[in-house]
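Chemist: no sequence on this one, just coordinates:
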């Protein structure tokens, strides 16, 4: 959880950049474009999601793990929407730490729309040209531990 | 869904403007002030919402269609909250394209608060003095097609 | 509800500041760090939450009231996530008025994650060094009146 004082830690350009980055990133995931989505991780990026037996290491492994999930959802006729919000942005030395909440909503013809999960999401972002790459993502699911 | 690379496409002032615009716009709708809400469309604006038999064309028609919905909700003692988020902002040539997610929550004394719908919302905004007008809005509802 | 025209009322730096402030503030509350959370109110701050018999006045009273709630939730194994969003920011004379929506999600091992409440949140913020303090917060719960 937040470790910095409530000072002005994130300049406006950084906030605008990161808001747009996450919108782009999550819309790709939810559209099933997981190859592009996974491209937002560094080649040695780590995705540590609670519920998985262990963290997924490396962009290619993140890609294939996501492909498997996306295919399963598509077959089941399920659309997910990942909402990232309440993001606390802390610029660091050559990277940016973003601690957010994330909600996952799930829709299908059969069941309508349901809240699927509430989580926290801690990212370490590194600059990459004019954009960002995710070096590490830690997702913890509320209510399961 | 997003068509631009994850580059820095939205300057900070634009993001701040648009965030405030949507907050103002949705709060008007949910307060039943649909006349002012509809005023945020261009006079020839189009509101294409899935579930409606066809797109509503022109500010005055958008206004009257919205009045009818608002009156029905008020009679039924229902309050709606429209949350727009995960907005991906792409400045274009004389306009701005914003692709967002939107959630609708619905509250009443009888049923408490329920998630009513998860949607996508694609807007084309055009500048209007210091603010924005909506030239086209396309809303697609998750889980119904 | 919004009282200003949809003009550019909030400069980008202000929006970025306030977004980060609320993320920090709500993450503290949900982590049970209510002492630090209450520190974001002015010493004579007022927290007027619907459902409470009367407004809580003064930072120390806000602190102890929050401690009691946090302890009860911790004992019951409940995690809450406060999402503040759709914030309309209106800079005033020496202060800033922020009218937002807020959702409360609640998770536990027994019941999973549920939407607990939909509310509006009207804050008067005053500058404090590089950050903000809350002088007045009015929370109204949808569907109970």
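Modeler: On my side now, so go ahead. Given the structure is predicted, the values throughout are model-derived calculations rather than measurements.

Chemist: for chain A, what's the longest helix?
Modeler: The longest helix of chain A (DSSP state H) is helix A:12-30.

Chemist: packing partners for that helix?
Modeler: The helices and strands touching helix A:12-30, judged by 3 or more C-beta pairs under 8 Å, 6 or more residues apart in numbering or on different chains; DSSP states H and E, are helix A:34-38, strand A:79-91, strand A:96-108, strand A:131-141, helix B:12-30, strand B:79-91, strand B:96-108, helix C:12-30. Where C-beta positions appear, they are placed from N, C-alpha and C, glycine not excepted.

Chemist: and that helix, how far out from the chain's middle?
Modeler: Distance of helix A:12-30 from the chain centroid (C-alpha atoms, centre = their mean, to the nearest Å) equals 10 Å.

Chemist: ok, what's across the strand from the residue of chain A found nearest chain B?
Modeler: At 3.1 Å from chain B, residue A:107 is the closest residue in chain A, using C-beta to the nearest C-beta. Note on residue A:107: beta-bridge partners by DSSP bridges are residue A:79, residue A:113.

Chemist: wait, residue A:88 touches residue C:25, no?
Modeler: No. The criterion here is C-beta atoms under 8 Å, and residue A:88 misses it with residue C:25 at 9.4 Å.

Chemist: would you mind measuring from the residue lying farthest from the centre of chain A to chain C?
Modeler: What lies farthest from the middle of chain A is residue A:110; by C-alpha atoms, centre = their mean that is 27.0 Å. Going from residue A:110 to chain C by C-beta to the nearest C-beta, to the nearest Å gives 19 Å.

Chemist: contacting residues around that residue?
Modeler: When contacts are counted by C-beta atoms under 8 Å, 6 or more residues apart in numbering or on different chains, residue A:110 touches residue A:77.

Chemist: returning to that earlier point: what's near enough to touch the residue of chain A closest to chain B?
Modeler: For residue A:107, the contact set (C-beta under 8 Å, 6+ apart) comprises A:78, A:79, A:80, A:81, A:113, A:114, B:118, B:142, B:143.

Chemist: same question for residue A:120.
Modeler: A:99, A:100, A:101, A:102, A:139, A:140, A:142.

Chemist: how about the residues of chain A near chain B?
Modeler: Those residues of chain A that sit near chain B, judged by C-beta under 8 Å from any C-beta of the partner chain, are A:12-13, A:15-17, A:19-28, A:31, A:33, A:40, A:79, A:81-85, A:105, A:107-109, A:111-115, A:129-132.

Chemist: give me the neighbour count for residue A:66.
Modeler: 20 (other C-beta atoms under 10 Å in any protein chain shown).

Chemist: isn't it right up against residue A:38?
Modeler: Yes. If you go by C-beta under 8 Å, residue A:66 and residue A:38 touch, sitting 5.8 Å apart.

Chemist: tell me which of the helices and strands packed on helix A:12-30 lies nearest to residue A:52.
Modeler: strand A:131-141 (9.1 Å; C-beta to C-beta).

Chemist: parallel or antiparallel, which strands does that closest one pair with?
Modeler: strand A:41-49 (parallel), strand A:112-128 (antiparallel).

Chemist: now the first one and helix A:12-30, what's the angle there?
Modeler: What separates the directions of strand A:41-49 and helix A:12-30 is an angle of 70 degrees, with axes from the mean of the first three to the mean of the last three C-alpha atoms, to 10 degrees.

Chemist: and the residue of chain A nearest chain C?
Modeler: As assessed by C-beta to the nearest C-beta, chain C sits closest to residue A:143 within chain A, at 3.1 Å.

Chemist: please identify which helix or strand holds that residue.
Modeler: Element membership of residue A:143 [criterion: DSSP states H and E] is none; it lies in no helix or strand.

Chemist: which phi and psi values does it adopt?
Modeler: Backbone torsions for residue A:143, taken as degrees, to the nearest 10, come to phi 80, psi 10.

Chemist: ok, and the closest non-adjacent residue to it?
Modeler: Leaving aside its sequence neighbours, residue A:143 sits nearest to residue C:107 (C-beta to C-beta, 6 or more residues apart in numbering or on different chains; 3.1 Å).

Chemist: what mean pLDDT does stretch A:116-123 get?
Modeler: Stretch A:116-123 comes out with an average pLDDT of 98.

Chemist: would you mark the buried spots in that stretch?
Modeler: Neighbour counts over stretch A:116-123 (16 or more other C-beta atoms under 10 Å in any protein chain shown) mark A:116, A:117, A:118, A:119, A:120, A:121, A:122, A:123 as buried.

Chemist: now stretch A:90-110
Modeler: A:90, A:95-108.

Chemist: closest one to residue C:71 out of the residues you listed, please.
Modeler: Nearest to residue C:71 among those is residue A:101, at 22.3 Å by C-beta to C-beta.

Chemist: pLDDT score for the closest residue to the closest one other than its chain neighbours?
Modeler: Closest residue to residue A:101 apart from its sequence neighbours, by C-beta to C-beta, 6+ apart: residue A:86 at 4.5 Å. Residue A:86 is assigned 98 on the pLDDT scale.

Chemist: you'd agree residue A:86 is up against residue C:25?
Modeler: No. The pair residue A:86 and residue C:25 does not pass the contact test of C-beta under 8 Å, sitting 9.4 Å apart.

Chemist: what is the neighbour count of residue A:75?
Modeler: What residue A:75 shows, counting by other C-beta under 10 Å, is a neighbour count of 8.

Chemist: follow-up on the earlier one: separation between the residue farthest from the centre of chain A and residue B:144?
Modeler: Distance, residue A:110 to residue B:144, by C-beta to C-beta, to the nearest Å: 11 Å.

Chemist: now residue A:37
Modeler: 25 Å.

Chemist: what does residue A:75 give?
Modeler: 19 Å.

Chemist: and if you look at residue A:122?
Modeler: Counting by C-beta to C-beta, the gap from residue A:122 to residue B:144 is 35 Å.

Chemist: same check on residue A:38?
Modeler: According to C-beta to C-beta, residue A:38 stands 29 Å off from residue B:144.

Chemist: which one's more surrounded, those two?
Modeler: residue A:38 (24 against 14).

Chemist: what about the closest residue in space to that one that isn't next to it in sequence, which helix or strand?
Modeler: Using C-beta to C-beta, 6+ apart and skipping residues adjacent in sequence, the residue nearest residue A:38 is residue A:63, 3.8 Å away. According to DSSP H and E, residue A:63 maps onto helix A:59-75.

Chemist: show me what that helix is packed up against.
Modeler: Using 3+ C-beta pairs under 8 Å, 6+ apart, helix A:59-75 sits against helix A:34-38, strand A:41-49.
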